[in-house]
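Asker: Sequence and predicted structure are below.
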Amino acid sequence: EGAVYADRDFLWRLSSAKVELEHSDFTPLPDYNRLISILSGELELKIGAGERFPLRPLQLCSFDGGVPVESWGRCTDFNLMVRKEAAQAAAQELRLEAGSTLFWSAPVLAPESFSARTLAIYCARGGVSADGTPAKEGQLLLCREAEDAPVKLTAEGAAALMAAVIYHK
């Protein structure tokens, strides 16, 4: 809270945006690590000197924000940025069948150097409840002071989610 993206003073930032240019260069963010995925549309990436590759919907790609990145295609993205040395993050795609329940835990253990954790569940398609709190397509559930316990996810219909954990001080 209170951070300004233009000042690059944020600890972490979770966003979604429409990419409307057929070809673009990502903004350099050398103090941050990034995780990106697409929620809809098509996107190809070229990270640094690597080869150009397609990113499928809900597939995650992580990279150093200081490395040059080019993109091709139009899409709606899911973007998580964390300040190096001050935070770490992990995210994963989750798909639930209609009426199913899943107990989700963060995919990695909390680093000892970080005492706090924030959980984010984004409902990309369908509907879900997380420990009884509902979210519809396009909504985000955020728990800023999450405990190290599984979250009960129940799909109202078939659901596609992005689940992320941010470890910080």
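Answerer: Structure received. Residues are numbered from 1 along each chain as shown.
Asker: give me the beta-bridge partners of the spatially most central residue of the chain?
Answerer: Using Cα atoms, centre = their mean, the residue of the chain that lies closest to the mean C-alpha position is residue 80, 4.6 Å off. With DSSP bridges applied, residue 80 shows beta-bridge pairing to residue 14, residue 35.
Asker: And it, how close does it get to residue 29?
Answerer: Separation of residue 80 from residue 29 (Cβ to Cβ, to the nearest Å): 12 Å. The C-beta positions use only the backbone N, C-alpha and C, and glycine is treated the same way.
Asker: for residue 40, same thing?
Answerer: Counting by Cβ to Cβ, the gap from residue 40 to residue 29 is 24 Å.
Asker: again, but for residue 59
Answerer: Using Cβ to Cβ, residue 59 is found at 21 Å from residue 29.
Asker: more neighbours, these two?
Answerer: residue 29 (19 against 12; other Cβ atoms under 10 Å).
Asker: Please name the residues that touch residue 46.
Answerer: 52, 53, 69, 70, 71 (Cβ atoms under 8 Å, 6 or more residues apart in numbering).
Asker: give me that answer again for 7 Å
Answerer: Counting by Cβ atoms under 7 Å, 6 or more residues apart in numbering, residue 46 touches 52, 69, 70.
Asker: thinking the first one is in contact with residue 43, fair?
Answerer: No. With contact defined as Cβ atoms under 7 Å, residue 52 does not count as touching residue 43 (10.8 Å).
Asker: Look at these two and report which has more neighbours.
Answerer: Here residue 52 and residue 43 are compared on neighbour count by other Cβ under 10 Å; more neighbours surround residue 43, at 22 against 11.
Asker: pretty sure the more buried one contacts residue 76?
Answerer: No. Counting by Cβ under 7 Å, no contact exists between residue 43 and residue 76, whose distance comes to 9.7 Å.
Asker: any idea how far residue 163 is from the residue nearest to the centre of the chain?
Answerer: Relative to residue 163, and taking Cβ to Cβ, residue 80 is found at 11 Å.
Asker: Repeat that for residue 52.
Answerer: 28 Å.
Asker: and if you look at residue 143?
Answerer: Counting by Cβ to Cβ - residue 143 and residue 163 are separated by 11 Å.
Asker: Just want to know which of these two has more residues nearby.
Answerer: Neighbours were counted for residue 143 and for residue 163 using other Cβ under 10 Å; residue 163 has more, 22 against 16.
Asker: List the residues that contact the residue nearest to the centre of the chain.
Answerer: The neighbours of residue 80, taking Cβ under 7 Å, 6+ apart as the test, are 14, 35, 89, 91, 164.
Asker: how close does it sit to residue 60?
Answerer: In this view, residue 80 and residue 60 are 9 Å apart by Cβ to Cβ.
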